[in-house]
Structures are given as C-alpha cells and as structure tokens.
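Chemist: give me the fold of what follows.
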Amino acid sequence: MKLLCAEYGKLGEIAYSVIGDNALLRNNDNFYIPTFIERLSCVPQLVLRVGKIGKCVGERFAGRYFDEVGVGIRFYADDLEKELLSKGLSSSMAYSFDGAAAISEWQKIENELDETEFSFVLNGLEINRMKVRELPLSPGKLVSRVSEFCMLKIGDLIYCGSPFRQKDLKIGDRLSMCLDGRILLDFYLK
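Modeler: Residues are numbered from 1 along each chain as shown. Reported below is the predicted structural model:
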C-alpha cells in the first residue's frame with residue numbers, strides 16, 4: 001500500500017508525492033510530536049481508498065477506481081521543510097515520518113461526492129470547512145492525474161490535499177475532523 005498525496009503551490013500548481021504506509025496514524029491514536037520538530041503544521045484532507053487496479057485512468061472513469069472515502073490530517077515539520085528546501089534538497093523528510101498521516105475509518109460512497117463536506121476542528125473550534133467541489137482538483141481529475149505517474153493498486157490511499165494549512169500546532173492541541181457532520185477523527189497532540 002502506498003499513500004499518494006496531492007500538494008498545492010501558492011499559485012495553484014500541483015505536485016504529487018508518494019510516501020510509505022509507515023506514515024499512517026490510525027485508530028484515533030494520539031500524535032506524539034517527534035523530537036526533531038520545532039514547528040508543526042497540518043493540512044486536513046479528504047482521502048480516497050482505491051478499490052481497483054488502474055493505470056492512465058481517464059477522468060470520466062475515475063469514479064470507478066475508488067469505493068470508500070475518509071478524512072485525514074497530514075503533518076509537516078515546518079522548520080525541517082524550510083531547511084531542506086533552502087539547501088535545494090527534497091522536503092519529503094518533513095512530511096513522510098512515522099505517524100505523519102492520520103487516517104479515519106472508511107465510509108462507503110453512496111451519494112454524489114461533490115456535495116460531501118468535511119471540516120477541521122482545533123480545540124473545539126471549527127477552523128475550516130469545505131465541500132469536495134471546492135477542492136482545487138476534483139477527486140476524478142486527481143485520480144486521473146496521479147494514475148499517469150503511478151499504477152493505482154487496491155488499498156492505495158489518495159490524500160486529496162487542500163490549500164488550507166494550520167500552523168503553529170502544539171502539545172495538548174485536540175484535532176478533530178468531520179465528514180458530513182460526523183466526527184471521524186478525534187485525537188490529541190502529545
């Protein structure tokens with residue numbers, strides 16, 4: 001299983017990263033901030049679970065390649081990311097460490113995904129809410145684009161990315177995510 005993650009630039013550019021399943025944080029386990037992180041941020045995201053093998057999938061057929069949806073939070077070591085980029089190095093170490101990708105339980109897709117809404121709550125206060133149709137790339141376009149570079153395999157996870165990034169997280173913060181009003185992720189930073 002691999003995690004295919006969309007990353008958005010400030011001007012709307014898009015790139016994809018592939019990270020290993022060591023980054024998964026499951027079962028609403030608390031996230032223990034590694035000692036190498038001084039500044040931590042996160043990006044709440046919609047996550048698709050691939051249910052069919054595919055390569056170079058056409059956009060109009062992309063919906064056939066994912067069968068379940070969830071929510072996730074990707075963590076970033078901001079200070080490490082900045083340091084690596086300043087040296088002209090890949091910043092993947094800053095977001096592919098153990099536990100850097102929280103994932104919720106899965107929900108079957110039963111209705112039109114475009115109207116599905118997900119929200120991010122920090123310490124009991126809703127910080128960000130968006131509908132799937134507001135993402136920079138629709139899930140169909142994202143699946144199609146990613147499949148040009150990587151063969152999709154059953155069980156792969158596609159983190160859809162988001163232009164929103166919550167900075168300056170700290171020990172004791174409580175992070176929650178909802179999908180259509182139902183809390184699927186709820187854990188603490190330790």
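Chemist: and the top helix by length along the chain, what's buried?
Modeler: Identified as the longest helix of the chain according to DSSP state H is helix 139-149. Neighbour-count burial for helix 139-149 flags 139-140, 142-147 (criterion: 16 or more other Cβ atoms under 10 Å). Yep, even glycine has a C-beta here, placed from its N, CA and C like the rest.
Chemist: how about residues contacting stretch 131-138?
Modeler: The contact list for stretch 131-138, computed with Cβ atoms under 8 Å, 6 or more residues apart in numbering, reads 6, 8, 12, 14, 46, 113-118, 139, 142, 145, 160-163.
Chemist: what comes up buried for that stretch?
Modeler: Across stretch 131-138, burial judged by 16+ other Cβ under 10 Å covers 132, 135-138.
Chemist: now for those, which pair is the farthest apart?
Modeler: Across the buried residues of stretch 131-138, no pair lies farther apart than Val132 and Pro136, at 11.3 Å, counting by Cβ to Cβ.
Chemist: make JSON lines out of the buried residues of helix 139-149 and add pLDDT and distance to Pro34.
Modeler: Output for the buried residues of helix 139-149, formatted as JSON lines (pLDDT from 0 to 100; distance: Cβ to Cβ, whole Å):
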{"residue": "Pro139", "pLDDT": "94", "distance to Pro34": "31"}
{"residue": "Gly140", "pLDDT": "94", "distance to Pro34": "35"}
{"residue": "Leu142", "pLDDT": "95", "distance to Pro34": "29"}
{"residue": "Val143", "pLDDT": "96", "distance to Pro34": "31"}
{"residue": "Ser144", "pLDDT": "96", "distance to Pro34": "35"}
{"residue": "Arg145", "pLDDT": "94", "distance to Pro34": "31"}
{"residue": "Val146", "pLDDT": "96", "distance to Pro34": "28"}
{"residue": "Ser147", "pLDDT": "97", "distance to Pro34": "32"}
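Chemist: which one of the residues you listed sits closest to Ala23?
Modeler: Ala23 lies nearest to Val146 out of the buried residues of helix 139-149, by Cβ to Cβ, at 16.8 Å.
Chemist: and the residue lying closest to the closest one once chain neighbours are set aside, how many neighbours?
Modeler: If the residues on either side of it in the chain are set aside, Val146 comes closest to Leu4, at 5.0 Å by Cβ to Cβ, 6 or more residues apart in numbering. Using other Cβ atoms under 10 Å, Leu4 is surrounded by 23 other residues.
Chemist: let me know the closest of the buried residues of helix 139-149 to Gly58.
Modeler: Among the buried residues of helix 139-149, and counting by Cβ to Cβ, the member closest to Gly58 is Ser144, at 6.3 Å.
Chemist: what about the closest residue in space to the closest one that isn't next to it in sequence, how many residues nearby?
Modeler: Leaving aside its sequence neighbours, Ser144 sits nearest to Glu59 (Cβ to Cβ, 6+ apart; 4.2 Å). Using other Cβ under 10 Å, Glu59 has 14 other residues around it.
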